[in-house]
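S.K.: can you look at this prediction? I've put the sequence above it.
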Amino acid sequence: MGEVIVITSGKGGVGKTTATANIGTALAALGHKVVMVDTDIGLRNLDVVLGLENRIVYDIVDVTHGNCRLKQALIKDKRFEGLHLLPAAQTKDKTAVNPDQMRELCSELAKEFDYVIIDCPAGIEQGFKNAIAGAERAIVVTTPEVSAVRDADRIIGLLESAELRDPKLIVNRIRPLMVKKGDMMSMDDIIDILAVNVLGIVPEDEMIVVTTNKGEPAVLDNNSMAGQAYRNMARRITGEEIPLMDLEADIGFMNKLKKLIGFK
Amino acid sequence: MLEFLLRVFGKDSSSSKNVAKERLRLVLVHDRADVSPQLLEELKEDLIKVISNYMEIDESALEVNLDTSDNTVALVANIPVIRMKRTAKRSEKIG
């Protein structure tokens, strides 16, 4: 039986879909059988982030309504054998699926795959309830902003009351220079407030924009810092002990480099 | 002006990160204070258990509420005591 992991955040735009695409791809690159499920019905995006938008025939609503078999709706990734996507429906709304159907769907998928990664929509309404219904573990994505951390706190509370204990946190878009200057909350500040364990920290990385433009997850780019961060997270999910990235070390290096070329 | 004052009263709080942390702390106290009746009920039962070691209380008249005012949240408990126990039954200290 595989593991069902939901990736959620409360606030929109903090990087849930990017995290799902990258963690899913990185797990597949490690040789696992992975399916990513987009539960953002009406606003599907995981397909474009993965560059699989042209291959969609059936979607999650077709599966839960019995219009097609589960296997027919799964889209195979072009890069990794074991990587699949179950896309959201674009023309329906969140009420087209209910939590019971999601539970059934997740347990079906868990028979087939090592990891079922669920991309949750923003908000705490029906879409959120659907997304977490079949999950055994939860990952909460936040950014070092007051609004995102506040929403993460609310989501952690809701996850706990849904018996999803011990969620793991991803702190996304950290800017090490701003943290060093005291103008941005650090990972430790956020952990201090939210009192949860960390899955990973992701530095702000322009490569994410570039890779998303192309529909290729950043984990495939060995030069991307964010890609490295997500590769580390995938290994932590499989149980490996990987130390957190030292973002400060990078500042030191950059500064040395600037000094070297007479920039400072 | 505010920035200047913050700088005078401790350089640490002058950074915007600390402003963010403090604002978050306050807002979360409020958010989290929106506790469910079930949680309050559990708290009430635990309180009764502990206090009963020391005194006899009127459980039916016990009131536990969260009082939210401007910047603080207080746990307000009204616990009518019937009588003190002569020998307080202390639970063994841990450690």
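M.R.: Received the coordinates, thanks. Numbering: from 1, shown residues only, chains lettered A, B, ... in the order given.

S.K.: CA atoms for contacts and neighbours, from now on please.
M.R.: Will do.

S.K.: so what pLDDT did the residue in the stretch 1-150 of chain A positioned nearest to chain B get?
M.R.: Nearest to chain B, among the residues of the stretch 1-150 of chain A, is A:Val146, at 6.1 Å (C-alpha to the nearest C-alpha). Looking at A:Val146, its pLDDT reads 97.

S.K.: for A:Gly42, helix, strand, or coil?
M.R.: Three-state call for A:Gly42 (DSSP: H, G, I helix; E, B strand; the rest coil): coil.

S.K.: just the residues contacting the longest helix seen in chain A, thanks.
M.R.: When chain A is scanned for its longest helix (criterion: DSSP state H), the result is helix A:146-161. For helix A:146-161, the surrounding residues in contact (C-alpha atoms under 8 Å, 6 or more residues apart in numbering or on different chains) are A:8-11, A:14, A:124, A:132, A:138, A:140-143, A:165-167, A:190, A:194, B:20-21, B:23-24, B:27-28, B:31-32.

S.K.: show me those residues that map onto strands.
M.R.: A:Thr8, A:Ala138, A:Val140, A:Val141, A:Thr142 (DSSP state E).

S.K.: determine which two of the residues you listed are furthest apart.
M.R.: Spanning the widest gap among those are A:Ala138 and A:Thr142, at 13.1 Å by C-alpha to C-alpha.

S.K.: more neighbours, those two?
M.R.: A:Thr142 (30 against 24; other C-alpha atoms under 10 Å in any protein chain shown).

S.K.: which one of the ones in strands among the contacts of helix A:146-161 is nearest B:Asp46?
M.R.: A:Ala138 (29.6 Å).

S.K.: now the closest one: how far from A:Thr95?
M.R.: Relative to A:Thr95, A:Ala138 is positioned 22 Å away (C-alpha to C-alpha, to the nearest Å).

S.K.: repeat that for B:Leu62.
M.R.: Applying C-alpha to C-alpha to B:Leu62 and A:Thr95 gives a distance of 43 Å.

S.K.: try B:Lys21
M.R.: 37 Å.

S.K.: higher neighbour count, these two?
M.R.: B:Lys21 (21 against 12).

S.K.: and that one, what pLDDT?
M.R.: 93.

S.K.: check which helix or strand covers A:Leu105.
M.R.: helix A:99-112 (DSSP states H and E).

S.K.: direction included, what does the helix or strand just after that helix pair against?
M.R.: Using DSSP H and E, the helix or strand that directly follows helix A:99-112 along the chain is strand A:115-119. Neighbouring strands of strand A:115-119 in its sheet, by DSSP bridges, are strand A:3-8 (parallel), strand A:34-38 (parallel).

S.K.: what about strand A:115-119, distance to the chain center?
M.R.: 9 Å (C-alpha atoms, centre = their mean, to the nearest Å).

S.K.: and the angle from it to helix A:99-112?
M.R.: Strand A:115-119 runs at 150 degrees relative to helix A:99-112, counting by axes from the mean of the first three to the mean of the last three C-alpha atoms, to 10 degrees.

S.K.: quick one: strand A:115-119 to strand A:137-142, angle?
M.R.: Going by the same axes, to 10 degrees, strand A:115-119 makes 40 degrees with strand A:137-142.

S.K.: count of neighbours near A:Val57?
M.R.: Other residues close to A:Val57 by other C-alpha under 10 Å number 12.

S.K.: residues contacting it?
M.R.: Applying C-alpha under 8 Å, 6+ apart, the residues near A:Val57 are A:Ala73.

S.K.: check which helix or strand covers it.
M.R.: Using DSSP H and E, no helix or strand contains A:Val57.

S.K.: same check on A:Gly127?
M.R.: Residue-wise, A:Gly127 maps onto helix A:126-133 under DSSP H and E.

S.K.: which elements pack onto that helix?
M.R.: strand A:3-8, helix A:99-112 (3 or more C-alpha pairs under 8 Å, 6 or more residues apart in numbering or on different chains; DSSP states H and E).

S.K.: mean confidence (pLDDT) on the first one, please.
M.R.: Right, the one you point to is strand A:3-8. For strand A:3-8, the per-residue pLDDT averages 98.

S.K.: repeat for stretch A:92-108
M.R.: On average, stretch A:92-108 scores 95.

S.K.: buried ones in it?
M.R.: A:Asp93, A:Lys94, A:Ala96, A:Val97, A:Asn98, A:Pro99, A:Gln101, A:Met102, A:Arg103, A:Leu105, A:Cys106, A:Ser107 (16 or more other C-alpha atoms under 10 Å in any protein chain shown).

S.K.: dump these to JSON lines, plus distance to chain B.
M.R.: Shown next, in JSON lines, are the buried residues of stretch A:92-108 (distance: C-alpha to the nearest C-alpha, whole Å):
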{"residue": "A:Asp93", "distance to chain B": "29"}
{"residue": "A:Lys94", "distance to chain B": "26"}
{"residue": "A:Ala96", "distance to chain B": "29"}
{"residue": "A:Val97", "distance to chain B": "28"}
{"residue": "A:Asn98", "distance to chain B": "25"}
{"residue": "A:Pro99", "distance to chain B": "23"}
{"residue": "A:Gln101", "distance to chain B": "28"}
{"residue": "A:Met102", "distance to chain B": "27"}
{"residue": "A:Arg103", "distance to chain B": "26"}
{"residue": "A:Leu105", "distance to chain B": "31"}
{"residue": "A:Cys106", "distance to chain B": "29"}
{"residue": "A:Ser107", "distance to chain B": "31"}
